[in-house]
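*Asks:* I'd like to go over a predicted model; first the sequence, then the structure.
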Amino acid sequence: MPVFTRRQLGLLVALTLIWGVNWPVMKLGVQHFPPLSFRAVSMWMALAVVFAAVRYQGLPLSVPRSFWPALARLTLFNMVLWHCLIIVAIPMVSSGRAAILGYTMPIFSAVVGRVFWHDRLAARGWGGVIAALLGVSLLLWHEFGAFGSRPEGAVLMLVAALSWAIGTQMMRRTPLPVPLLSLAFWMMLITAIVLTTGGWLFERAQWHMPDAVAWNTILFNGLLVIGFAQIVWFELARSLPPIASTLSVMFIPVLGVFCGAWWLGEVLHWQDWTAVGLMMLAIASVLWPSKPRSPHHKDCSC
């Protein structure tokens with residue numbers, strides 16, 4: 001594990017608070033406005049903020065043609081699949097469960113890094129993977145067994161987490177000769193177009209003028225969750241190793257669970273409490289630094 005600078009730690013704290021609180025905020029928002037359209041309006045708002053920042057700093061927006069395929073891949077896994085799937089899934093599950101399932105990302109990231117990029121994963125890391133699978137299995141078992149539940153929402157959240165994990169690994173390993181803000185602009189623009197198209201195709205009949213709750217949640221998502229926190233995440237994902245850059249997600253699902261219970265009155269079952277504990281154990285097992293080897297330690301073979 002690298003040593004975090006004071007600035008990186010500050011950004012991690014801000015990211016954790018914003019993304020943790022956002023799960024009940026999103027749940028509330030999609031109750032007042034169609035999900036894909038809700039996210040599309042938020043994305044266009046964030047895009048305007050990023051565009052203004054790019055222009056203010058005098059950054060170039062051009063991307064060399066040879067890097068377009070890489071940009072498309074990064075956008076698909078980091079933005080398009082994540083944003084589309086979570087916003088469709090959030091009406092089907094509680095905000096707390098959505099947070100737990102969505103932030104299985106570090107575990108997926110560890111496994112993806114080991115399988116496809118041959119990152120080292122210690123024995124306790126595999127133990128963390130097993131703990132995460134147990135936690136997810138508990139939630140899926142309850143979703144499939146509970147009367148009136150919609151288990152497809154939980155499945156969509158897991159697919160979104162896997163997509164984000166792949167994207168995080170790719171962000172670290174894909175050098176692009178483009179400033180971070182310019183890269184974020186193009187990724188957000190593509191995602192905004194996809195979300196808007198989805199809203200027009202599937203939600204056009206539900207469109208209406210947003211009420212005060214819808215506008216407040218859209219503003220929170222557009223300005224803070226995407227306009228600020230998404231850029232922070234890209235910076236951390238590019239400047240830190242993939243596993244280290246996911247440190248803050250240890251606390252995001254916990255915030256999501258308790259904010260949802262306090263704010264929206266969501267009932268917590270024993271499966272939720274157990275899943276939170278298992279996920280914390282799983283992520284800590286992957287991210288907690290190992291003890292350095294003794295200088296007197298010698299490997300021997302028999």
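*Replies:* Happy to help now that I have it. Because the structure is predicted, anything quoted here is derived from the model rather than measured.

*Asks:* so Asn22: helix, strand or coil?
*Replies:* Three-state assignment for Asn22 (DSSP: H, G, I helix; E, B strand; the rest coil): helix.

*Asks:* do Leu61 as well
*Replies:* Secondary structure of Leu61, per three-state DSSP, is coil.

*Asks:* ok, now which ones touch it?
*Replies:* By C-beta atoms under 8 Å, 6 or more residues apart in numbering, the contact set of Leu61 is 54, 182, 185-186. Bear in mind the C-beta positions are built from the backbone N, C-alpha and C, glycine included.

*Asks:* low-confidence bits of the stretch 151-300 of the chain, can you list those?
*Replies:* Residue ranges of the stretch 151-300 of the chain with pLDDT under 70: 240-250, 283, 285-300.

*Asks:* kindly recompute the last result at 90.
*Replies:* For the stretch 151-300 of the chain, the stretches flagged by pLDDT under 90 are 151-152, 154, 168-169, 171-177, 180, 229-258, 261-264, 266-300.

*Asks:* can I get the contacts of Leu61 in a markdown table including distance to Phe108?
*Replies:* Supplementary listing: the contacts of Leu61 in a markdown table, determined by distance: C-beta to C-beta, whole Å:
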| residue | distance to Phe108 |
| --- | --- |
| Val54 | 31 |
| Ser182 | 28 |
| Phe185 | 27 |
| Trp186 | 25 |
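
*Asks:* in which helix or strand does Cys84 reside?
*Replies:* Per DSSP states H and E: Cys84 is located in helix 81-89.

*Asks:* now the helix or strand following that helix, how far from the centre of its chain.
*Replies:* With elements assigned by DSSP H and E, the helix or strand that comes after helix 81-89 is helix 95-102. Here helix 95-102 shows a centroid-to-chain-centroid distance of 11 Å under the convention C-alpha atoms, centre = their mean, to the nearest Å.

*Asks:* enumerate the positions of whichever helix or strand comes after helix 95-102 that are buried.
*Replies:* Reading on from helix 95-102 to the C-terminus, the next helix or strand found by DSSP H and E is helix 105-117. Using 16 or more other C-beta atoms under 10 Å as the burial criterion, the residues of helix 105-117 that qualify are 105-113.

*Asks:* from the contact counts, what lies against helix 105-117?
*Replies:* The contact analysis (3 or more C-beta pairs under 8 Å, 6 or more residues apart in numbering; DSSP states H and E) places helix 105-117 against helix 123-145, helix 151-173, helix 270-287.

*Asks:* chain center to that helix: distance?
*Replies:* On C-alpha atoms, centre = their mean, the centre of helix 105-117 falls 15 Å from the chain's centre.

*Asks:* what angle do the host helix or strand of Tyr56 and helix 81-89 make?
*Replies:* Assigned by DSSP H and E, Tyr56 belongs to helix 35-57. Per axes from the mean of the first three to the mean of the last three C-alpha atoms, to 10 degrees, the angle that helix 35-57 makes with helix 81-89 is 140 degrees.

*Asks:* doesn't Gly58 make contact with Ser182?
*Replies:* No. Using C-beta atoms under 8 Å, Ser182 is not in contact with Gly58; the gap is 11.0 Å.

*Asks:* more neighbours, these two?
*Replies:* Ser182 (20 against 6; other C-beta atoms under 10 Å).

*Asks:* in which helix or strand would I find that one?
*Replies:* Judged by DSSP H and E, Ser182 forms part of helix 180-202.

*Asks:* so for the helix or strand that comes right after that helix, what gets flagged as buried?
*Replies:* Per DSSP H and E, the first helix or strand lying C-terminal to helix 180-202 is helix 212-219. Neighbour-count burial for helix 212-219, counted by 16+ other C-beta under 10 Å, picks out 214, 217-219.

*Asks:* now swap in stretch 65-75 and tell me
*Replies:* Buried, per 16+ other C-beta under 10 Å, within stretch 65-75: 67, 71, 74-75.

*Asks:* go on, stretch 259-275?
*Replies:* 259-261, 264, 266, 269, 271-272, 275.

*Asks:* could you do stretch 42-54 as well?
*Replies:* 42-47, 49-51, 53-54.

*Asks:* quick one: mean pLDDT over that stretch.
*Replies:* If you average the pLDDT over stretch 42-54, you get 95.

*Asks:* what comes into contact with that stretch?
*Replies:* With C-beta under 8 Å, 6+ apart as the criterion, stretch 42-54 contacts 61, 83, 179, 181-182, 184-185, 188-189, 191-192, 195-196, 218-219, 221-223, 225-227, 230-231.

*Asks:* and the buried residues of stretch 42-54, which is closest to Pro253?
*Replies:* Taking C-beta to C-beta as the measure, Pro253 sits nearest to Ser42 out of the buried residues of stretch 42-54, at 21.1 Å.

*Asks:* out of everything not next to it in sequence, what's closest to Val159?
*Replies:* Leu85 (5.8 Å; C-beta to C-beta, 6 or more residues apart in numbering).
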